[in-house]
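S.K.: Next input, structure requested:
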Amino acid sequence: MKHTTKAVKFLLCINNDACEDIVLHKIYKIIPDSKAEKEGFVRVIDESGEDYLYPHANFIDVTLSQKARSTVLAVH
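M.R.: Next up, the predicted model:
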């Protein structure tokens, strides 16, 4: 199922301690995973190119302008 740009949510990494596959201050697109979210985790595609779970506390939610969303989605 393809998501529209409005349905896609983004996170900014604010802590990568003990998580060498996420980059501090990088924007990540959330991959929906309701089970993980209930446990306090988020699923993102990390620098290995695979999707993994990370503590939600390592990120903050961000709202991007339409132009920024399009740019970020073009590289994901």
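S.K.: in stretch 64-72, what counts as buried?
M.R.: By neighbour count, with 16 or more other CB atoms under 10 Å as the criterion, the buried positions of stretch 64-72 are 64, 69, 72. Quick note: C-beta positions are derived from backbone N, CA and C, even for glycine.
S.K.: meant to ask about stretch 44-52, not that
M.R.: Neighbour-count burial for stretch 44-52 [16+ other CB under 10 Å]: 44, 45, 46.
S.K.: same deal with stretch 31-39?
M.R.: Buried, per 16+ other CB under 10 Å, within stretch 31-39: residue 31.
S.K.: re the thing from before, could I get the buried residues of stretch 64-72 in CSV, plus columns for pLDDT and secondary structure?
M.R.: Listed next are the buried residues of stretch 64-72 as CSV, based on pLDDT from 0 to 100; DSSP: H, G, I helix; E, B strand; the rest coil:
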residue, pLDDT, secondary structure
64, 93, coil
69, 90, helix
72, 86, helix
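S.K.: Show me which of those residues is closest to residue 18.
M.R.: Nearest to residue 18, judged by CB to CB, of the buried residues of stretch 64-72 is residue 72 at 25.4 Å.
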